[in-house]
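Novice: Provide a 3D model corresponding to the input given below.
(chains A and B)
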Amino acid sequence: MATVVLLTVTGLGLGALYFLIASGLSLIWGLMRVLNFAHGAFFTIASYAAWTAGEALAGIPSLPLRWLAGLVAGVVAGALVAALTEVVLIRPLYRQQIGQVLVTVGLALAAVALVEGGFGSDPKQLALPAWMTATTTILGASIPNTRVLVIVVALAVLGVLLLFLQHTRYGLIVRAGVENRAMVSALGIDVERAFTLVFAIGGAAAGLAGVLGGAYYGTIDPVRGTALLIFAFIVVMIGGLGSITGSAIAAAVVGLLQQFLNFYAATGSGDFAVVLLLAGVLLVRPGGVAGSIT
Amino acid sequence: MSSGRVLLEARDLHVHLGESHILQGVSLVVREGGITGLLGRNGAGKTTTLRGMLGLVPRTGSVTLDGEELIGLPVHEVVRRGIGYVPEDRDVFASLTVAENLRLAERPGSALRYDLVYELFPEIKTRAAQKAGTLSGGQQQMLALSRALLNAGNRVLLIDEPTKGLAPLVVKHVADVLQRAAEVATILLVEQNLSVAHRLVRDVIVLDQGRVAYTGNVDALMGDAALARQYLGLAAVARGH
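Specialist: Numbering: from 1, shown residues only, chains lettered A, B, ... in the order given. Sure, this is the predicted structure:
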């Protein structure tokens, strides 16, 4: 029983990280039809921004304060880099999907190389508050607190995103833009501003994942963002491109599948099963579980 | 009624879509007040003219609203100058409610005419919470017209085939609404239903193969069977009269 609980919470924690990355990818694709291969770079840059902030504030004895400062630095860095990416690299290439793919892949590779050049390729540890290195016993299982934290934060982000989409004017613009971008412009709305905002929100969520990933895995490294991005793309496709709720459900399923199969079957079988799941979903519902073909 | 003052003008408007040269130097004027008809056979370039004026398709030439050049402005800035658009396929946002569709059309700084919209289309009010995608074709058309009418700042409405695919009773209602809308804004109307066009329009511009083929009074066009047959097609003239 304890093992099942541990695997469940760990799987949901992994799914929470996937969701934080996938939510931005899904919004960006849904509104702008941009496959953003640079999204993992936002994760990586944010995690190193958090580490840098933590180091810069090494004189402050309070670890929670240092970690929180790193969290803010990571989220802000993720949002800023994402917004800058949209304005400088993506905007000139709207309607040129091959160009977008090339430029975002290039940025992803360049970001990893820059981080490796600046910080080295060895993993680094974020300074974590004592609570985050401890465990909590749930139904007999010793659960690392970071798993619980990641899950709670992802649920909060899901709630905030849904509130944003359902109850704000920009949310309305995004939902309408997912359906028909040209008609939104024809109503006198500056869609490009919404594009930048969506990129910034996606970057902030990926940044949050970057910092929380440092706590979840215990270390940060230059290539983790890229590795997680692959599964985040799978989550977005299973959940339905443009659907936040679909991404949340798919992220939980993918995280649980990986954890349980990797533990009970052969190591690596979870990853294989996820790819099979993606193939099955695409065959049965090509638009994803919450989406449709448009 | 038209004041005679030119409100909207296109000069030497060209649109290329892929290899096709769709608009080949369209020049037209829309005078302030009333409804100007933009007629022509299928594929003549009517819809592309409206989309070109708004900037929804790449174009060259000149489009002015009240003397201000619009070419070079992004679509949303063109619209903010005071142009409402009702596309051929209505393009309501299916996943949004009726109320959300209207809220999206609200432009900051523009007075809103909800009273007029609800007076013309009482159903829009009663169906406010309904998803637009579940409305009938006629109701979707009402919603599309409501979005364009909502902003008092819209001096010109570009309306593309508002009666297309609608039941005769709904067609009459839409025609009545257009007549009423013309009291608050100048309308450039693309319409294939010639009896509706004849009833509503005074000035008419006929497009043929991407060029302006006729400009003048609608009665003069409809009164000349040979001319109408040449530009609008035999079947269309027979339906219209």
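Novice: Could I get the full set of helices for the chain?
Specialist: Picking chain A for this. Listed from the start of the chain, chain A has helices (DSSP state H) covering A:2-32, A:39-56, A:63-84, A:97-119, A:130-133, A:145-167, A:169-179, A:181-185, A:191-217, A:224-239, A:244-264, A:269-284.
Novice: Hmm, no, I was thinking of chain B.
Specialist: Counting by DSSP H, the helices of chain B are B:46-54, B:75-80, B:98-105, B:114-120, B:122-126, B:137-150, B:168-181, B:194-200, B:218-223, B:225-232, B:234-240.
Novice: looking at those, which is closest to chain A?
Specialist: Within those, the stretch nearest chain A is helix B:75-80; the backing value is 3.8 Å (CB to the nearest CB). (C-beta placed from N, C-alpha, C; glycine too.)
Novice: which stretches of the chain have low pLDDT?
Specialist: Because you didn't say which chain, this covers chain A. Low-confidence regions of chain A, defined by pLDDT under 70, span residues A:291-294.
Novice: Let me rephrase: I mean chain B.
Specialist: For chain B, applying pLDDT under 70 flags the ranges B:1-3, B:234-241.
Novice: residues from it in reach of chain A?
Specialist: Taking CB under 8 Å from any CB of the partner chain, the part of chain B that reaches chain A is made up of B:54, B:56, B:74-76, B:79-80, B:85, B:87, B:91, B:93-96, B:100, B:103-105, B:107, B:147, B:151.
Novice: can you redo the helices of chain A as a markdown table with mean neighbour count?
Specialist: Compiled in a markdown table, the helices of chain A are given as follows (neighbours: other CB atoms under 10 Å in any protein chain shown):
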| stretch | mean neighbour count |
| --- | --- |
| helix A:2-32 | 24 |
| helix A:39-56 | 26 |
| helix A:63-84 | 21 |
| helix A:97-119 | 16 |
| helix A:130-133 | 14 |
| helix A:145-167 | 17 |
| helix A:169-179 | 21 |
| helix A:181-185 | 22 |
| helix A:191-217 | 26 |
| helix A:224-239 | 24 |
| helix A:244-264 | 22 |
| helix A:269-284 | 15 |
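Novice: can I get those in a markdown table with distance to residue B:8?
Specialist: Below are these laid out as a markdown table (distance: least, CB to CB, whole Å):
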| stretch | distance to residue B:8 |
| --- | --- |
| helix A:2-32 | 31 |
| helix A:39-56 | 44 |
| helix A:63-84 | 37 |
| helix A:97-119 | 35 |
| helix A:130-133 | 64 |
| helix A:145-167 | 36 |
| helix A:169-179 | 26 |
| helix A:181-185 | 19 |
| helix A:191-217 | 24 |
| helix A:224-239 | 43 |
| helix A:244-264 | 41 |
| helix A:269-284 | 48 |
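Novice: hang on, the earlier thing: residue A:86: which of the helices of chain B is closest?
Specialist: Checking the helices of chain B against residue A:86 by CB to CB gives helix B:75-80 as the closest, at 17.3 Å.
Novice: list the buried ones in that closest one?
Specialist: Buried residues in helix B:75-80, defined by neighbour count with 16 or more other CB atoms under 10 Å in any protein chain shown: B:75-76, B:78-80.
Novice: mind saving the C-alpha coords of it as CSV?
Specialist: C-alpha atoms of helix B:75-80 as CSV (Å, rounded to 0.1, in the frame of the first residue of the first chain):
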residue,chain,number,x,y,z
VAL,B,75,-6.4,45.2,-39.1
HIS,B,76,-7.3,46.1,-35.5
GLU,B,77,-6.2,49.7,-36.1
VAL,B,78,-8.3,49.9,-39.3
VAL,B,79,-11.3,48.6,-37.4
ARG,B,80,-10.7,51.0,-34.5
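Novice: For it, which outside residues touch it?
Specialist: Outside of helix B:75-80, the residues within contact range by CB atoms under 8 Å, 6 or more residues apart in numbering or on different chains are A:182, A:185-191, B:53-56, B:65, B:70, B:85, B:107, B:153.
Novice: now with 10 Å?
Specialist: Contacts of helix B:75-80 with the rest of the structure, by CB atoms under 10 Å, 6 or more residues apart in numbering or on different chains, involve A:182-193, B:51, B:53-56, B:63, B:65, B:68, B:70-74, B:83, B:85, B:107-110, B:148, B:151, B:153-154, B:158.
Novice: ok, now stretch A:252-260?
Specialist: Taking CB under 10 Å, 6+ apart as the criterion, the residues outside stretch A:252-260 that touch it are A:3-4, A:6-19, A:22, A:151, A:154, A:231-232, A:234-235, A:238-239, A:268-274, A:276-278, A:281, A:289.
Novice: Now do residue B:88 against residue A:123, distance only.
Specialist: For residue B:88, the distance to residue A:123 equals 58 Å [CB to CB, to the nearest Å].
Novice: more neighbours, those two?
Specialist: For residue B:88 against residue A:123, the residue with the higher neighbour count under other CB atoms under 10 Å in any protein chain shown is residue B:88, and the figures read 16 against 13.
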